[in-house]
Every structure is written in C-alpha cells, then in structure tokens.
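Undergrad: turn this into a model:
(one chain, ligands or ions: 1)
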Amino acid sequence: MNFESLGLIEPILKALQKEGYEKPTPIQEQAIPIVLNGRDLLGCAQTGTGKTAAFALPVIQLLHQKQQPQNGKRVIQALVLTPTRELAIQIEESFKAYGNFTKLQNLVIFGGVGQFPQTQALKRGVDVLIATPGRLLDLMNQGFVDLKHLEIFILDEADRMLDMGFIHDVKKVIAKLPQKRQSLFFSATMPPEIQRLSSTILTNPLKVEVTPPATTAEKINQSIYYLDKADKKTMLLHVLSDHTIERALVFTRTKHGANKVVKDLQSKGITAEAIHGNKSQNARQLALKNFKNKATRVLVATDIAARGIDVDDLTHVINYEIPNVAETYVHRIGRTGRAGASGIAISFCEAEEVSYIKDIQKLTGLIIPQGEDRGQLPKPSFDITKGVPAPPEHSGRGQRQGQGQRHGAPRQGGGGGRKPNNHRGQHSRSNDNRPKSDQRTSNVRSESPSSAASGNSSSAGDNPPKKKSWSSFFKRSN
Ligand code: AMP
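TA: Here you go, the predicted model:
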C-alpha cells in the first residue's frame, strides 16, 4: 500500500515525499479513504501511530479541492480541538508541512500566551484552526472566532480531554458548531464517557482501530529495576554512564521531583532540564528545543508536560517514578518507538510502586523483565512481589493527571524537519511475552452511534480513563 493508492493528490504526495514518508501507517491506510469519502470517523489510536497525518492529509485534500473564495476573506472550514499546547503546535506544523504545496492557511491558538497575535491572525482569515479548548472558548466568547462555515471538526485525544478536565469546555464548543458537518473523533482509550461523547458528535461513523497501546509496549525493549527509593539517583547515574545513550526522557510524577532529578544530574555534570507546568511557556519550549537538538542530554518531565512530545530518534525513556495510572505508562514509553520505530524503556520501582507495576502488566499483558546491570546497587530491601501499599497521596487511582495544570505545557514541534520514524534506530530485542490471546489486529467497521454509546457509567465528565479500558474496549470490538 502506498500513498497514491489511497487517492491522495499530487501536492500532498509531493509534501509527503519531502517529509520522507514512504508508506502509510495502518491508521492512515484505513482512515484516509474514509475521510476523503466524507464519512464521519471514530479512530481509536494514540500518539505515535501517525494519526495526525491520518486526519490532516484528507482534510487538506478536501479543502484544497473545494472552490476557494477568489478575493474574499478565508473562513474557518476545519477545526482541530486538541488538549495541550504541545499537541496543538505539533498538529499545526503537520498541517503546514503536509499542505506545503497548497494555499491553505492554518492557525494554532492556545492559552498561556497573549491573545493579540492570535486575534490578528483570525481577523486576516484562516482555513484550518487548531486550538486548545480553553483559549478557543475564550476567543469565541469574545467574538473573534466564527465557526458558521465550518465543514470538518476533528476532536483529537478525546480521552485526554476528559483526563485533563477539559470535557465541559469541549462540549460547549461542540454546541456551537454547525449541525451539518463532517466529524472525526480520535481517542486512545474508550471509557464509557468518551463513547457517549463520540455518539453525540458523530453521525453514522466508520470505526478504525489500531493497536498501539499493547503493540507499542510489545515493540519497546522494557526493563525494570526494583530498588529502594534512596537508590534511584545512583541508578539513574549508572544508566546514564552508558555514553551510547545520547538522549533520555526521564519521567517523574511531580514537578518537585522533576526539579530534584535535574539538580542531581547537573551536579554530576550531566546536562539536564525540566519541563513541567510551573515553567513558563517559553522556558518549556526552549527546554524541548535544547533536547531536540541534543544540547541537553536529559529532559525530565511530568506526564502532562510530556504529553505528545515528539522527538525523532528518542531511544530511551526512563521512568524514575512509576505512574499510578497504568495507561500513563504506555503513553510514556510511547515517546520512544514512534510510528513503528523502537526504543528502550527502563523503570525504577520502589516498594510503594509495586502495585502500579502490577496494574501496568495487567493492562499490557506483558511481564516487564528485570534489568540485569545494576552496577554496584544493592538488592532492594523489600519483597518485589509484594512491595508495600502506597501512602494515601500516592494511592489515588482516580486522581486526575491534569490537576493543577489546566493549560498543560508547551511543546515545540519537529514539523517540517521531521524524519520518517521507520528510519529510526532498531532496538536490540523485543518483549514477546504477551499472551497470544491478547494480540489484536486493526480493523474497520461500521459503528452506529448507539452502539458506540453503549456503556453505562455514572461517572462525571472529569473522571480519568477507566483502568484496563484498552483491553476491554479492543476485546469488545474484535
Ligand atoms: P503522530 O501519531 O501523528 O503523533 O505521529 C507520530 C510521528 O510519526 C510523527 O513524527 C510523524 O511525523 C511520523 N509519521 C506519521 N506518518 C508517517 C509515515 N507514514 N511514515 C513515517 N513517519 C510518519
């Protein structure tokens, strides 16, 4: 399968060639013809699968082929709603790159920065608007955004919207969209609240699923070190003493933790920067830029800040602290192994985190093997099969990951310069210990709104995704 056979037109094919994309990813193969046919789409896919191009390419084509106003002002014909600034910036860069040989105008708007340049650009007129919900609503309420000519609406990362507490804003935006439109809905997980939301947005959608959560986990060379909390710092330095590791993305659960790791590393002469919600937009973008161009070797991030980070050739993700929501682990390690490439994920697990690891293994269907090279590190002082119960502040499984960081964090995008991920370095081994029964395939099928909505949770809009929702959702679908 190649891009030509999906029915894409010359200007887009030319842009893809420039980007170095050789063949479509599974989500692109399935979604592009559906969108080009004008159908609504329910896409179950996470970042790293190539889902941005899966919607951006056909949207660009549909708008490009439409009669554009000759002299009149451009009107917003497509709206992409996405949860974080990083994703918004990245999506805009993708539209720019893929639409390089068309005349379409794109604009990205997000909070945390002055609105003046955004409102000026809106006044000049745009075809495709990419926005985070809060700033969009704000500008809509001030009368700067006119959506009455909207033809295509794309909701990206719906489950993250829920996760981050944006779902009410999303619903308010949707209420103001024209009824007659094409809608595309993307989510990595499908908890009941998200299924219900999709049924209110989509009309007679076709459903496309790809299997990245567990498949991604399967491709990534994962290992875990059980160790005492006090030994994590030494272990990190030991891992980083391997100078073949050019860059590593290190995750902590808290902003304070991220700062501390950065300080520890810097004191040992390792270049490190933190990226989290307490940093200014500019500081975060600079940190990402430094990391991308390898001026900084280690980027230490909290989950929300790292959402959607897309760094070509990122080989190592290190979980300095284990996330208490299993899906977050999959999102984290998905920062490496993008679009079919592979990577290495190393986790440090202290006594209180053993139960989180059990949840993760249940979700992915994989047993994470223990790393062998512990350096001089002593064995952990706890029973690794049991650990200890997490104290109350860690045990909140229902805790929202976006708490206190409503407007997320910035990300800078790799956009035009991005290399195809399938050209990235190969990893040494894969964890093929996932049960056969859990291996899922991609498929497309017609999804009636009512069946998409089936699911009965009384949960309110701001709840996090339900645990094991990937497994249960995919099992139901296949
Ligand atoms: P996404 O899932 O949209 O965040 O995309 C993940 C990464 O895959 C981005 O860096 C894209 O530039 C890259 N990508 C998307 N489609 C392709 C493709 N067909 N071939 C190679 N790389 C791709």
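Undergrad: all helices of the stretch 1-150 of the chain, in order?
TA: With DSSP state H, counting those that start in this stretch as the definition, the stretch 1-150 of the chain shows helices at residue ranges 10-19, 26-36, 51-65, 85-98, 116-124, 133-141.
Undergrad: next, the distance between the ends of stretch 144-160.
TA: One end of stretch 144-160 to the other measures 26 Å (CA to CA, to the nearest Å).
Undergrad: ok so, going back, among the helices of the stretch 1-150 of the chain, which comes closest to residue 306?
TA: Minimum separation from residue 306 across those (CB to CB) falls at helix 85-98, 8.3 Å. Using the backbone N, CA and C atoms, a C-beta is placed for each residue, glycine as well.
Undergrad: packing partners of the closest one?
TA: helix 10-19, helix 51-65, strand 106-109, strand 128-131 (3 or more CB pairs under 8 Å, 6 or more residues apart in numbering; DSSP states H and E).
Undergrad: chain center to the longest one: distance?
TA: This points to helix 51-65. From the chain centre to the centre of helix 51-65 is a distance of 19 Å (CA atoms, centre = their mean, to the nearest Å).
Undergrad: in the stretch 251-400 of the chain, which spans are strands?
TA: 272-275, 298-301, 316-319, 344-349 (DSSP state E, counting those that start in this stretch).
Undergrad: okay, those, which one's buried deepest?
TA: strand 298-301 (a mean of 28; mean count of other CB atoms under 10 Å).
Undergrad: from the helices and strands packed on helix 85-98, which stretch is densest packed?
TA: Among the helices and strands packed on helix 85-98, strand 128-131 has the highest mean neighbour count (mean count of other CB under 10 Å), at a mean of 26.
Undergrad: out of the helices and strands packed on helix 85-98, the one nearest residue 209 is which?
TA: Closest approach to residue 209 among the helices and strands packed on helix 85-98 is made by helix 51-65 (11.4 Å; CB to CB).
Undergrad: tell me what angle the closest one forms with helix 85-98.
TA: Per axes from the mean of the first three to the mean of the last three CA atoms, to 10 degrees, the angle that helix 51-65 makes with helix 85-98 is 50 degrees.
Undergrad: helix 51-65 and the ligand in contact?
TA: Yes - Helix 51-65 reaches the ligand (CB under 6 Å from any ligand atom) through 51-53.
Undergrad: where along the stretch 251-400 of the chain do the helices fall?
TA: Using DSSP H, counting those that start in this stretch, the helices of the stretch 251-400 of the chain run over 255-267, 281-292, 303-306, 326-333, 354-364.
Undergrad: output the ones you listed as JSON lines; include the columns distance to residue 78 and mean pLDDT.
TA: Formatted as JSON lines, these follow (distance: least, CB to CB, whole Å; pLDDT from 0 to 100):
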{"stretch": "helix 255-267", "distance to residue 78": "35", "mean pLDDT": "95"}
{"stretch": "helix 281-292", "distance to residue 78": "25", "mean pLDDT": "86"}
{"stretch": "helix 303-306", "distance to residue 78": "26", "mean pLDDT": "74"}
{"stretch": "helix 326-333", "distance to residue 78": "26", "mean pLDDT": "84"}
{"stretch": "helix 354-364", "distance to residue 78": "34", "mean pLDDT": "88"}
